[in-house]
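> here is a sequence with its predicted model. Questions after.
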Amino acid sequence: MQMKRIFQTALYLVSFGFARGTLFVAPIILANSLSSRDYGALEWAHAAASLGATVVALGTASAMPLVALKRTAQGSQRGILCHHLGVAAACVGMALAAGLAGAGRAPAMAALLTAAIALQVLWSVHLKSHGRGEASLMLDSCMFTLVAAVALAAKWWQWQDVLGCVLYALAAYIACLAAVTGAAVLGRARAGEAPAYRATLRLGLPLMLGALVTIAATTSGRLLIAYLGGALLTADYAVLARAAALPIIAHQVVLVAKFRKLYELPDREMEKVVLLILSLVTASVLVFWSLSPYLGWMLGGAFVRTFSTHSAAAVPILVQAILWSAISLNDTVNIRQQTMLKVLPASALALLLAVPAAVVLVQFLGVSLLRFVYVHGAVMLLFYLAQVGAMVGSGIRLWRPWGFAVAAYVLLTGLAAWLYR
């Protein structure tokens, strides 16, 4: 039994390392295989599709664990599957329409990526809900791995239209996922499961709105710095933010492994898992902070140059990984407890008030990367505290992880400010 557990843990860690490694390498391959214009179009399309997939799924994928693990009587897996099939069909239709209308490849690519991301997220959540974390990790890396491999092959064979090959690969990937989804729908229909489509949407819609607000909070840095500081400051911020996201691996490796248990464990045991994840993320931040001067070989020359120029801003960006993890974990808890709709008004209001105030404050103080980073960190902290306050009002009590997250963020940010003053 002990050997079996060791083997399963080793298999999971190998799967995680391979999946995250391919996701790290794939954009580098694409950047070198596509022209600058085509790669820029792909990145824009992926960013638009990530947001679009969140909207068009209407939170139904997030509801999958509640339905699959029978933590709610609303909705059905068949309804969730049918919704995603409809989304995929509509997105493919939009891609074809964009191509026929001569709108360019970027809109068509965004539509295809929306379908691919929506279906991939659905099946990734399904696998995690059924305790198959290794398979979900491999699936998460499939899309980028496929398009990178196709782009590399097209470049190797000196085909002229590399981006066209990428589009065909996306279409094939969507067809495979749609076929699996269709087969699952037919299987559940034969088993007599009702679609319960309206109930499924009622269950998922609050989750979608909550996800949108969280995405807005955690990605607001790039949006605001672009508005305030222009392209050069945005590039510096983006380089540091991408590198600073590495400690989130600690969040992901535990969350995927414990995903099913977070919905099944008693409240007190769930609180321990949340605290464990936050502790590992904080430890990873400290390790990355200590090793950052020696990671240029892995993160590239752009990171080395930017970190040496903006080290006072780089560390506070790194420390924000703690808040990112804490906000994401609060969302998971709210999905489990079905309190997203109760928490959403407070967190959305906090974001709506804090973002304009942050813009005015940075403009008043003078736009610089360092000032922006500290002001944006305050916005994220305010958003987190609003989440916590609303969760307390909804009857949730996770005092230890909440206190740990706030204390770790404030203390490490204060330490960074003192060291780099």
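Perfect, thanks for sending it.

> where does the spatially most central residue of the chain land on pLDDT?
What sits nearest the mean C-alpha location of the chain, by C-alpha atoms, centre = their mean, is Ile215, with 8.0 Å. Confidence at Ile215, expressed as pLDDT, is 70.

> could you number the chain from 276 rather than 1 from now on?
New numbering, starting at 276: the last item is Ile490.

> so it sits against Leu326, correct?
Yes: with contact defined as C-beta atoms under 8 Å, Ile490 counts as touching Leu326 (6.8 Å). C-betas here are computed from N, CA, C, even on glycine.

> which other residues reach stretch 602-609?
485-486, 489, 492-493, 526, 530, 537, 545, 549, 552-553, 615, 618, 655, 658-659, 662-663, 666, 671, 673, 676 (C-beta atoms under 8 Å, 6 or more residues apart in numbering).

> swap the cut-off to 7 Å and go again
Applying C-beta atoms under 7 Å, 6 or more residues apart in numbering, the contact partners of stretch 602-609 are 485, 489, 492-493, 537, 549, 552, 615, 618, 658-659, 662, 666, 671, 673.

> out of those, which are buried?
485, 489, 492-493, 537, 549, 552, 615, 618, 658-659, 662, 666, 671, 673 (16 or more other C-beta atoms under 10 Å).

> just those residues: which has the poorest pLDDT?
When these are compared, the smallest pLDDT is that of Thr493, 65.

> output the below-cut-off pLDDT ranges for the stretch 576-696 of the chain.
Scanning the stretch 576-696 of the chain for pLDDT under 70 picks out 576-578.

> by contact count, what packs against the helix or strand hosting Leu626?
Using DSSP states H and E, Leu626 falls within helix 615-640. When contacts are defined as 3 or more C-beta pairs under 7 Å, 6 or more residues apart in numbering; DSSP states H and E, helix 615-640 sits against helix 472-519, helix 644-668.

> most tightly packed of the ones you listed?
helix 644-668 (a mean of 20; mean count of other C-beta atoms under 10 Å).

> domain parsing for the chain?
For the chain, automatic domain parsing gives the domain ranges 276-470, 479-696.

> okay, buried residues for the host helix or strand of Cys357 please.
Cys357 is part of helix 352-375 when elements are defined by DSSP H and E. Neighbour counts over helix 352-375 (16+ other C-beta under 10 Å) mark 352-360, 362-363, 366-367, 369-370, 373 as buried.

> which pLDDT value goes with Ala386?
89.

> give me the distance from the helix or strand where it lies to the chain's centre.
For Ala386, the element it lies in under DSSP H and E is helix 380-404. Relative to its chain's centre, helix 380-404 lies at 13 Å (C-alpha atoms, centre = their mean, to the nearest Å).

> got it, and stretch 458-476?
With C-alpha atoms, centre = their mean, you get 28 Å for stretch 458-476.

> likewise for stretch 485-494?
That offset, for stretch 485-494, works out to 10 Å (C-alpha atoms, centre = their mean).

> and Arg675, how many neighbours does it have?
13 (other C-beta atoms under 10 Å).

> list the contacts for it?
Glu546, Leu550.

> ok, Leu309 next?
Leu317, Ala426, Val437, Leu438.

> what are the phi and psi values at Tyr695?
phi -110, psi 20 (degrees, to the nearest 10).

> and what of Ser351?
The phi/psi pair for Ser351 (degrees, to the nearest 10) is phi -160, psi 150.

> could you pull up the residues touching the residue lying closest to it once chain neighbours are set aside?
Nearest residue to Ser351, sequence neighbours excluded (C-beta to C-beta, 6 or more residues apart in numbering): Ala471, at 4.1 Å. Neighbouring residues of Ala471 by C-beta under 7 Å, 6+ apart: Gly350, Ser351, Gly354.

> so how far is Arg353 from Ala471?
8 Å (C-beta to C-beta, to the nearest Å).

> cool, and Gly374?
32 Å.

> for Thr584, find the nearest of the helices and strands packed on helix 615-640.
Thr584 sits nearest to helix 472-519 of all these, at 7.5 Å, using C-beta to C-beta.

> Pro541 - how many residues pack around it?
7.

> so Tyr695 touches Ala587, yeah?
Yes: counting by C-beta atoms under 7 Å, Tyr695 touches Ala587, with 3.7 Å between them.

> ok so, going back, angle of the helix holding Ala386 against helix 352-375?
160 degrees (axes from the mean of the first three to the mean of the last three C-alpha atoms, to 10 degrees).

> which elements pack onto helix 380-404?
helix 311-331, helix 335-343, helix 352-375, helix 408-415, helix 417-431, helix 437-465, helix 523-539.

> so which of those helices is the most surrounded?
Greatest burial across the helices and strands packed on helix 380-404, using mean count of other C-beta under 10 Å, falls to helix 335-343, with a mean of 25.

> ok so, going back, buried set for the helix holding Ala386?
380-404.

> what's Pro470 in contact with, if anything?
Ser351, Arg353, Gly354, Cys357.

> closest one to Phe639 out of those residues, please.
Gly354 (50.1 Å).

> pLDDT score for that closest one?
82.

> if I look at it, how far off is Arg611?
Counting by C-beta to C-beta - Gly354 and Arg611 are separated by 20 Å.

> repeat that for Tyr538.
From Tyr538 to Arg611 the distance is 5 Å (C-beta to C-beta).

> then Tyr314?
Taking C-beta to C-beta, one finds Tyr314 at 39 Å from Arg611.

> then Tyr448?
Distance from Tyr448 to Arg611, by C-beta to C-beta: 31 Å.

> and Gly374, what does it touch?
Ala383.

> sec struct for Leu333, please.
coil (DSSP: H, G, I helix; E, B strand; the rest coil).

> contact partners for it?
Contacts of Leu333 by C-beta under 7 Å, 6+ apart are His358, Leu476, Gly479, Leu480, Met483.

> wait, doesn't the fourth one sit right on Thr335?
No: Leu480 is beyond contact range of Thr335, at 8.8 Å (criterion: C-beta under 7 Å).

> re the thing from before, can you add distance to Thr607 and give the helices and strands packed on helix 380-404 back as a markdown table?
What follows is the helices and strands packed on helix 380-404, written out as a markdown table (distance: least, C-beta to C-beta, whole Å):
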| stretch | distance to Thr607 |
| --- | --- |
| helix 311-331 | 15 |
| helix 335-343 | 9 |
| helix 352-375 | 18 |
| helix 408-415 | 15 |
| helix 417-431 | 23 |
| helix 437-465 | 24 |
| helix 523-539 | 6 |
